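Undergrad: Next input, structure requested:
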Amino acid sequence: LAFYRDGGMVDSAEIDLVDSPLTEAARTRSLVRVADEVREYHPANAFLREVRANAFVGYPITQANGEICGYLCAMGPDPLRRSLKKAEVIIELLAGRIAVEIDRANLIESISRQIRASFDPDEIVQSAIERLVAGMKLDRCLILSYHVTPKPELIVTAEHVVEGVSSIDDVYDIKVDGNPFIEALLVDDAVIASNNVLKDPLLRASSGMLRETEVKSMMAVQTSYQNQVNGVLMLQQCQGYRDWTKDDEDLLKAVADMVGIALGQAKMFENESLQRHELARKNRALAKAKADADAANHAKSEFLSRMSHELRTPLNAILGFAQVMARDSAATDQQRQNLETITRSGSHLLDMINDVLEMSRIEAGEVSIEPKSFHLGDVLDSVVAMFQTRAHPGVKLKLGIAPTVPIYARTDEMKLRQISLATP
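TA: Numbers count the residues shown, from 1 in each chain. Predicted coordinates for the structure are as follows:
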C-alpha cells in the first residue's frame, strides 16, 4: 500500500509470502526479526534481493476483530544488531497505530455504506451503534433524539449493550434544563469526554442516574441535520474506567455526523407519513361530503320533480277553465279582464315551476339550450305584464321597442323570459 525507499515514497511493490520472513509472522501472529543476512535465509525471494536487504523486521497489522489485514515491514542493507530492540518497538507501535486507523476507516465506511443501502432510518441508526460498540469495544451506546416541545428533553431512540450490561432504554429520558452536561452538549458541537463520571463536575446533577445505570466513563457529542441539533450520540463504559483518546473523539464525531443525517431523515419520513395520513383523512372526509351532497341533491331533484308534477296538474286545469270561460260570449268585459289576469298569472306561476326545475338541472349539470323561432314582441309584452302585476297602484309600465329591434328571434324562449324577469 505504501513503500518508502531511498529517502522518498516510491511505487508500491508486491512481496511473495512464499519463502518470506512474513510467513512466520502470519503463522505466529507476532513480530518477526532477522538482524542480518535475511537473503541467506530466503534466497528465492526476489523482492529481498531487489532492495538488497540484510536486516528485516516485520509485524502483522491486526484489526479489532482479530483479522490480520496486512504487515508493517522495515528492512535495510546494514545489520541491526545494536538497534534491533528499538526497531522492534517502533514497528510494533506503528503497526498498532495503523490498525487503529484502518479499523476507524472501515467502521466509518461500513456505517456510510449502510446509510446508502437502507431506506429505513431506524435500521440505519441501530446498525450504526451496533458497529460502534463492536469497533470501539464499548459497553453501551445510546442515541437520544432531542425534543423541544412541550419542554426540552432527550429521549432514547436506539440502544445497544454488550452481554452482561443492563439496558436502560426505559429509564433514560433526560431533562435538559438544570443538566450542565447536556446543556453544554447542545450548545457546542465539540465532544465532551469524562473518564470518571462520578468525579466530573458537569455530571454531578446526574450522579444518581449514573450510579443506577452503572456508568463509569462516558463520552458524548451532539448530532445535527441542516445546522439544527436533533440528538446526542453517547458512549458508555460500565465494566471499567476508560481514558478516552483523541482517536476516540474523532471517530465519535465522524459517526455522529452520519447519525445526525439519519435522525434528520427519520424526522422527515415521520412528517411525510403524518402528512400522507392527514391528506388521506381529508380526502376521505371530502369524498363522504361529496357523497352526502350528491345524495341530498338527488333527493332534492326527486322532490322538485314530484312537487312540480303535483303543482302543474291543477294549474293546467285552472288555465284550461280560464281559457274556456274567456270564450263565453256572455262574459262581461270585467270578467274577461279578470280571466286574462288569471291566465297570465297562472302562466307565470307555471314558468316559475319550470324555473325551479331548470335550476335543479343546472346544479346537476344537465342544463340544455332549446332554441326556436318566436315573436319577440309577444315575449316582451308578457314580461311587462308580469312586472305590471308587481307595480304599485297607479304606476303604469310601458314598453318601448326601437325600430331596429327584430320582430322575430331564435333562441331559448323560456331562458330569455327567465333572464328578463331576473333583471332588476
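
Undergrad: Would you mark the buried spots in stretch 219-237?
TA: 219-225, 229-237 (16 or more other C-beta atoms under 10 Å). The C-beta positions use only the backbone N, C-alpha and C, and glycine is treated the same way.

Undergrad: so of those residues, which ones are in helices?
TA: Applying DSSP state H to those, no entry is found in helices.

Undergrad: quick one: which of these sit in strands?
TA: 219-225, 229-237 (DSSP state E).

Undergrad: Which two of the residues you listed have the greatest separation?
TA: The largest separation in these, counting by C-beta to C-beta, is between Tyr225 and Gln237 at 27.9 Å.

Undergrad: Distance of the closest residue to Lys398 other than its chain neighbours relative to Leu279?
TA: Leaving out its chain neighbours, the residue that sits closest to Lys398 by C-beta to C-beta, 6 or more residues apart in numbering is Val384, at 7.8 Å. Val384 is 56 Å from Leu279, where distance means C-beta to C-beta, to the nearest Å.

Undergrad: Among these two, which residue is more densely surrounded?
TA: Val384 (13 against 10; other C-beta atoms under 10 Å).

Undergrad: which element is the more buried one on?
TA: For Val384, the host element (DSSP states H and E) is helix 376-390.

Undergrad: now that helix, how far from the chain's geometric center?
TA: The chain centroid and the centroid of helix 376-390 are separated by 67 Å under C-alpha atoms, centre = their mean, to the nearest Å.

Undergrad: pLDDT of the longest helix along the chain, averaged?
TA: Longest helix in the chain by number of residues (criterion: DSSP H): helix 246-326. Averaged over helix 246-326, pLDDT sits at 82.

Undergrad: Check stretch 106-125 too.
TA: Here the average pLDDT along stretch 106-125 is 76.

Undergrad: Can you check the distance spanned by it, start to finish?
TA: End-to-end distance for stretch 106-125: 17 Å, by C-alpha to C-alpha, to the nearest Å.

Undergrad: Outside of it itself, list whatever touches it.
TA: 63, 127-128, 131-132, 135-136, 143, 157-158, 251, 254-255, 258-259, 261-263, 265-266, 269 (C-beta atoms under 8 Å, 6 or more residues apart in numbering).

Undergrad: Could I get the average pLDDT for the next helix or strand after the longest helix of the chain?
TA: Sequence-wise, the next helix or strand downstream of helix 246-326 (DSSP H and E) is helix 333-363. Regarding helix 333-363, the rounded mean pLDDT is 78.

Undergrad: Helix 333-363 to helix 376-390, inter-axis angle?
TA: 100 degrees (axes from the mean of the first three to the mean of the last three C-alpha atoms, to 10 degrees).

Undergrad: If you count neighbours, what's buried in helix 333-363?
TA: The neighbour-count check on helix 333-363 (16+ other C-beta under 10 Å) flags 339, 342-348, 350-351, 353, 355, 357-358, 360 as buried.

Undergrad: Out of the residues you listed, which comes closest to Ala74?
TA: Nearest member of the buried residues of helix 333-363 to Ala74, counting by C-beta to C-beta, is Ser360, at 99.3 Å.

Undergrad: So the spatially most distant residue from the centre of the chain versus Arg336, what's the distance?
TA: Within the chain, Ala330 marks the point farthest from the mean C-alpha position, 89.5 Å out by C-alpha atoms, centre = their mean. Distance of Ala330 to Arg336, given as C-beta to C-beta: 11 Å.

Undergrad: before we move on, what about Lys267?
TA: Taking C-beta to C-beta, one finds Lys267 at 86 Å from Arg336.

Undergrad: what are the ranges of the strands in the stretch 51-200 of the chain?
TA: Taking DSSP state E, counting those that start in this stretch, the strands of the stretch 51-200 of the chain run over residues 55-62, 68-76, 140-147, 153-161, 174-175, 192-194.

Undergrad: helices or strands next to the first one in the packing?
TA: The reference is to strand 55-62. helix 22-28, strand 32-34, strand 68-76, helix 84-117 (3 or more C-beta pairs under 8 Å, 6 or more residues apart in numbering; DSSP states H and E).

Undergrad: strand partners of that strand, parallel vs antiparallel please.
TA: Under the criterion DSSP bridges, strand 55-62 sits next to strand 32-34 (antiparallel), strand 68-76 (antiparallel) in its sheet.

Undergrad: what do you get for the shortest one?
TA: In the sheet containing strand 174-175, its partner strands are strand 153-161 (antiparallel), by DSSP bridges.

Undergrad: related to what we said a few turns ago, which positions within the helix or strand following the helix holding Val384 qualify as buried?
TA: Sequence-wise, the next helix or strand downstream of helix 376-390 (DSSP H and E) is strand 408-411. Using 16+ other C-beta under 10 Å as the burial criterion, the residues of strand 408-411 that qualify are Ala409.

Undergrad: Now tell me what touches strand 408-411 from outside.
TA: 369, 371-376, 416.

Undergrad: Spatially, which two of those residues are the most separated?
TA: Spatial extent of the contacts of strand 408-411 (C-beta to C-beta) is set by the pair Ile369 and His375 at 19.3 Å.

Undergrad: Go ahead and name everything in contact with stretch 29-44.
TA: Stretch 29-44 is contacted by residues 18-22, 24-25, 45, 48-49, 53-60, 62, 68, 75, 79-81, 84, 88, 91-92 when judged by C-beta under 8 Å, 6+ apart.

Undergrad: buried ones in that stretch?
TA: Within stretch 29-44, the residues that count as buried by 16+ other C-beta under 10 Å are 31-35, 38-39, 42.

Undergrad: with those in mind, which one is nearest to Arg312?
TA: Nearest to Arg312 among the buried residues of stretch 29-44: Leu31, at 113.2 Å, using C-beta to C-beta.
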